[in-house]
Structures are given as C-alpha cells and as structure tokens.
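> Sequence isn't available, so here's the structure alone:
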C-alpha cells in the first residue's frame, strides 16, 4: 500500500509504516490535519475487499496495544488536537500469502484511489 | 472526532461497507463459586493459538531473529536478542565488545519503554483513583484529563526508549539490526551523544514516577496483603558478582527465604531445571522448577523476581532504591506481587543509568561489530531477560543451518502458575458471589496487570487482548459473563 501511494503525487502527506500503534506516535501525528489509518482485517467471506468505518472502542487495561480511537483521544486530550481521521481496512482471510494476485492488485489500487480522493478533498 | 462512511465509487469495484472487527486475542478468567457463592477457584485461560515454534521449522537460522521478532509487536527486541544469542551459539562465536554493548543498550531501551507503558497507561489509573473507582473514573482518558502533564511524561519516557530502538535498529518495531554474530552496523559518536543528551529528562521522569508510586502505597494495604502474595521460587539471569543483568549471565533460582537453590546454570542446560506442563484449558504452557515437580516448582520471573534473585543492581541510584526494596521483607525476597510495580520502576532507573554507562564506554562506538562463522553446533540456546521475565530460544539445525526444531519459553509463560494462583487469591479475598462488585473484578484484573503479561507473545500468537470474566456456580453453570474493556 505504501509503495502504491508513493507513486501518487500527494502533497503534504507523510506515509508511516508501522506494526503497532503506540502512545508516542502522538508526537509525530500532532501536526496533522487528517490521519488515515490503513490496515488488514480478517474476514472469512470477503477476500481483498475494502471495509471502512470501523468501530473500535478498545481501551482495555491488560494489553500494550492501543486502538486508533485511543490514539485520537490522546491527541485530543493531551495535545488539544481534534484531528479528522478515517480507517480503511482491507479484508483478507490469509495474512501469510496472496491467494489471488489479480483481486489483491485491484483491491490495493482501489484503496489507494479512495485514500487519494480522501486526502485531496 | 468521527469516522466517515464511504460511498461505493463503482459497482465494479469491490468495496464493502460494514462494521469490521479487528482481530482480537482473548484472555478468559473463570471464577468458580461454591454452594455458598464464595469463590472456590479462579483461573486465567489464554485461548489464542498461533504455533510459532512449528512455523519456524525449515527456515534458515539466519532468518530466526527477524522471524521470531514477529511473535510480538510489544517486545520484538527481546526476541531478537535471545534469537541472535542462540544463533551465536550455533556459530560458536562471541560477538565483539561493541556489539555486546549495543545489544545491551537496545535491550535496556526496550525494557524502559515497556515498563513505562505498564506504569503510566495501564496501572497508574489504579494508583491515582483507587481500585473501587467506577470504570469511567479509572482509566487512561480520565487520567489524561486530570493529570495531563503526568500522561505527557509517560509518553516522553516511552519515546526515549523507542527513539533509542529506532536510532540503533533502524525502526521502532521489529528492527533488523541485531543479527547472528553481532549487530549489522556500528553507531557514530554523534548518535551516541544525541542519546546521552536525552538521559537527564528521562531520569527525571523515572524518579517522578517512582515517587508517585511510593507516595501512594499507603492506600493499598489490603491489596499488599493479597495480590499474589504467597511463597514461590524466583528465577532470573544474574551477571558478574550477582548483579542485575538483562542481556547475558547465568541462571539462578532462589526460594521464598532467599536461599539459593541452584546457581550458575548455563542457558543451554535449562531443560535440566525447567519442565513445561501443558494445561488442558489454555494454550499457555506452565513451566516449573523440575527438582520440585509440577505446581510445587512454581516460580516467578520478571522485575520482582530479578530484584529478589540478584545481590545488587550495580548502578548508584538504582542500588539506593534497591536497598529500600530489600528492607520491605527484612532482606528476604519480597513475595507480594503488587511490588512488581515498584520493581519495574527501579528497573527503569537502572536501565537509564546503565544505558548512560554503556554509551560512555569507548568500545561502544568501535567499528568491529560482528563475528562471522559457519554452523559449528547443531543445537544452541539463547537466553535473556525480557521486560516480563526470562526468555529462552532453543534451536536445532542441520549442518547447513536449516531449523529442525524450536522451543520457546516466553517470559510471561514462566509466570503462568503464579498468575493463576494470584487470580484465585484475589478473587477469594475480594469477590462475593452474592454481590459482585466492579471493584472486585477490577482487582482480579489488576493482579494480572502486576505481572504485565504479554499474552499474545506467550502463546506465540498475535492480536489485541481483551479480557472476559466468567463466573460459574457450583454446578459450573455460567451465571455471569462479563466482557471487560
């Protein structure tokens, strides 16, 4: 996804590739006007489809993982930044291999288009 | 703040608009009540499975540090350290001094940031608001509103550790810089000086966190009595002269009176001392001290265990606090797991001091950072202290270096028996089946927080962890199923 987006002329856009959301990311994100989260989610039925509008309110107290919503709340409460954000999740049932190159490529390109459209709005 | 629903741009494009659930790992706590609705038993089960050990078979050993780092996004550096040490053993090499120092520094940085997150983001709401406060009043969001400067300092301390990892390793999560035989590149004097300049602020925050904790201890007498407060053995790596050591050393077991049961154990001999039991209701294995057998051989690892096992920390500020820590139980091991938090904060101070010491050693910036060889052994074990405890990577390879067998004993897994016993103790002390209160349930979770488990890591699985508390009556019928978030 990052490689696809890098080919697109996006002004004033920073691309971050991460394995995990962490609280100190706020220090990097606090100057953004908009944040777009892109990740992969498991789906038995939908392969290489794009899902949006993810509701996730995880703020559990056992895990070091934090959710996008928690991150945005930290930005709001600690740094006074009420930043608009979107979440794009690419659905797949196989995280280890690409099972259909054609569908995968279409999905990546579609998602990149959606993201580009969102950034340019 | 909000999320925006997307319109379908074209029927030909496959866009699905639906609520999607991210992959979530799952920890379940089962509390069994007797006929009088008093707690009879309580257990934590980890129900996620990934099977990392099997996945590594057939891979070249050179891939193992990068591969096993992906066991976990929280402590990848720990896996890379133990994995690389196992690979060093397969090659029969000792990395140059610069590489050993740099590996130590990145390991200490990870411990710092991991401990900081547990204290500031997971545990401090308990200390600030008390265990009986309503959930909406006892969470990180309330803490950020009421104590914004404290929350920012927590982030700054984590950033200190993560920046070191990123500076040395190239990326924050799953850095690929730690390799068999050493590290892949040296550091410049400028890089060293940049990290050194960040030490004073990090130390100030660490001291402030320690004071916050020690000042609030008087509020938790009941918890101090019952939070996994029981006899057990303790295990840790120790360095030269019995000093605190996270990267390299020998293993030591002590009992609840501080008597050394076994000492000077080389990592490669761990199987002579540690057995692993499989539990029928969890994918988490239960390691135990073999001479005492299963369950009697329960031992604890991690910050509390380390400070119970070692003779000193070896750095001045940490040793000052270490003396106070030892006085909690008149020089004997501290048994109450609530003091894991205290030990964690002492370790943060130690880590920062030790990072500074290592950076100031002239060998740290030397160019000679890797030893090279072919496979010289078909089996080797790498062992280090991760934030949560002792971590073992045991590899078997062919003569051409292809992995044929892997055994991982994960830090959190070592604590499985103790965590279960702690959950039961807290449930029996605080929970009344006739009147289940939020504060009681919070304390059940809080005792788990003392151990700071990495449940994803310990089952070698992936995901965010939520917890589910299931309360059953004397007929094992579920009477309450409480999802906690």
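Okay, I see it. These figures come from a predicted structure and were not determined experimentally.

> Low-confidence stretches in chain A?
Across chain A, the ranges flagged by pLDDT under 70 are A:42, A:46, A:49-63, A:96.

> Same question for the stretch 51-200 of chain B.
Scanning the stretch 51-200 of chain B for pLDDT under 70 picks out B:51, B:72-74, B:171-175.

> residues from it in reach of chain A?
In this structure, the stretch 51-200 of chain B approaches chain A at residues B:73-74, B:114, B:117-118, B:121-123, B:125, B:139-141, B:144-145, B:148, B:151-152, B:154-156, B:158-159, B:162, B:172-174, judged by CB under 8 Å from any CB of the partner chain. In short, each C-beta sits where N, CA and C put it, glycine included.

> what's the burial count for residue 80?
Picked chain A for this. If you count neighbours by other CB atoms under 10 Å in any protein chain shown, residue A:80 ends up with 9.

> other chain: chain B
Neighbour count for residue B:80, taken as other CB under 10 Å: 31.

> And the strand or helix carrying it, what does it pack against?
Using DSSP states H and E, residue B:80 falls within helix B:76-91. For helix B:76-91, the packing partners by 3 or more CB pairs under 8 Å, 6 or more residues apart in numbering or on different chains; DSSP states H and E come out as helix B:64-69, helix B:97-117, strand B:178-179, strand B:379-386, strand B:389-397.

> Could you save those as TSV and add columns showing mean neighbour count?
Compiled in TSV, those are given as follows (neighbours: other CB atoms under 10 Å in any protein chain shown):
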stretch	mean neighbour count
helix B:64-69	24
helix B:97-117	25
strand B:178-179	25
strand B:379-386	24
strand B:389-397	25
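
> Identify the residue of the stretch 251-400 of chain B closest to chain A, quick one.
The stretch 251-400 of chain B approaches chain A most closely through residue B:387 (9.6 Å), counting by CB to the nearest CB.

> And the spatially closest residue to that residue that is not a sequence neighbour, how far from residue B:351?
Once flanking residues are discounted, residue B:387 sits nearest to residue B:114: 3.8 Å by CB to CB, 6 or more residues apart in numbering or on different chains. Using CB to CB, to the nearest Å, residue B:114 is found at 10 Å from residue B:351.

> try residue B:472
42 Å.

> who has more neighbours, these two?
Shown here are residue B:472 and residue B:351; by other CB under 10 Å, residue B:351 has more neighbours (29 against 18).

> State the helix or strand in which that one lies.
Per DSSP H and E, residue B:351 falls inside helix B:340-360.

> what's the angle from that helix to helix B:97-117?
With axes from the mean of the first three to the mean of the last three CA atoms, to 10 degrees defining the directions, helix B:340-360 sits at 150 degrees from helix B:97-117.

> If I take the helix holding residue B:80 and strand B:379-386, what angle do their directions form?
Relative orientation of helix B:76-91 and strand B:379-386, computed by the same axes, to 10 degrees: 150 degrees.

> what's the angle between helix B:76-91 and strand B:389-397?
Using the same axes, to 10 degrees, the direction of helix B:76-91 lies 40 degrees away from that of strand B:389-397.

> Mind listing what's buried along helix B:76-91?
For helix B:76-91, burial by neighbour count (16 or more other CB atoms under 10 Å in any protein chain shown) applies to B:76-91.

> quick one: contacts for the residue of the stretch 251-400 of chain B closest to chain A?
B:75, B:78, B:110, B:111, B:114, B:115, B:302, B:303, B:411, B:452 (CB atoms under 8 Å, 6 or more residues apart in numbering or on different chains).

> which one of these is nearest chain A?
Nearest to chain A among those is residue B:114, at 7.1 Å by CB to the nearest CB.

> from memory that closest one sits against residue B:75, does it?
Yes: counting by CB atoms under 8 Å, residue B:114 touches residue B:75, with 6.1 Å between them.

> Now do the shared contacts for those two.
Among the neighbours of residue B:114, those also in contact with residue B:75 (CB under 8 Å, 6+ apart) are B:387, B:388.

> how about the helices in chain A?
Counting by DSSP state H, the segments of chain A that form helices are A:2-6, A:25-29, A:68-79, A:101-120.

> Highest mean neighbour count out of those?
Among those, ranked by average contacts under mean count of other CB atoms under 10 Å in any protein chain shown, first place goes to helix A:68-79 (a mean of 19).

> what's that helix packed up against?
Under the contact criterion of 3+ CB pairs under 8 Å, 6+ apart, helix A:68-79 touches helix A:25-29, strand A:84-92, helix B:140-146, helix B:148-169.

> Now tabulate those in CSV and tack on distance to residue B:286.
Conversion of the helices and strands packed on helix A:68-79 to CSV gives the following (distance: least, CB to CB, whole Å):
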stretch, distance to residue B:286
helix A:25-29, 36
strand A:84-92, 34
helix B:140-146, 31
helix B:148-169, 30
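
> Helix or strand: which one has residue B:212?
According to DSSP H and E, residue B:212 maps onto helix B:199-216.

> That helix: which residues count as buried?
B:202, B:203, B:205, B:206, B:207, B:209, B:210, B:212, B:213.

> Who are the contact partners of the first one?
So the one you mean is residue B:202. B:112, B:156, B:157, B:160, B:352.

> from those, which single one is nearest residue B:289?
For the contacts of residue B:202, the residue nearest residue B:289 by CB to CB is residue B:112; the value is 29.4 Å.

> In this model residue B:354 seems to touch the closest one, though I could be wrong.
No: contact criterion CB under 8 Å: residue B:112 and residue B:354 do not qualify, at 9.9 Å.

> count of residues packed around the residue nearest to residue B:95 when sequence neighbours are not counted?
Leaving aside its sequence neighbours, residue B:95 sits nearest to residue B:182 (CB to CB, 6+ apart; 4.0 Å). Per other CB under 10 Å, the neighbour tally for residue B:182 reads 25.

> what's the answer for residue B:340, then?
The number of residues packed near residue B:340 is 28, by other CB under 10 Å.

> swap in the one 5 residues further on?
Applying other CB under 10 Å, we find 26 other residues in the vicinity of residue B:345.

> just to revisit the earlier point, okay if I get the contacts of residue B:202 as TSV plus distance to residue B:221?
What follows is the contacts of residue B:202, written out as TSV (distance: CB to CB, whole Å):
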residue	distance to residue B:221
B:112	30
B:156	32
B:157	28
B:160	33
B:352	31
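
> Buried subset of those as a ChimeraX selection?
Buried residues within these, by 16+ other CB under 10 Å, are selected in ChimeraX with:
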select /B:112,156,157,160,352
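
> Would you check which pair of the contacts of residue B:202 lies furthest apart?
It's B:156 and B:352 that sit farthest apart of the contacts of residue B:202, by CB to CB, at 12.7 Å.

> so what does the helix holding residue B:351 touch, helix or strand wise?
The helices and strands touching helix B:340-360, judged by 3+ CB pairs under 8 Å, 6+ apart, are helix B:97-117, helix B:189-197, helix B:199-216, helix B:303-309, helix B:316-327, helix B:438-451.

> Which of these sits closest to residue B:482?
helix B:438-451 (6.5 Å).

> residues of the closest one that come out buried?
Judged by neighbour count using 16+ other CB under 10 Å, the buried positions of helix B:438-451 are B:440, B:441, B:442, B:443, B:444, B:445, B:446, B:447, B:448, B:449, B:450, B:451.

> which one of those residues is nearest residue A:79?
Distance to residue A:79, by CB to CB, is smallest for residue B:449 among the buried residues of helix B:438-451, at 26.2 Å.

> returning to what we had before: so how far is residue A:118 from the residue of the stretch 251-400 of chain B closest to chain A?
On the measure of CB to CB, residue B:387 and residue A:118 end up 38 Å apart.

> Contacts only, for residue B:224.
Contact analysis of residue B:224 by CB under 8 Å, 6+ apart lists B:217, B:336, B:338, B:339.
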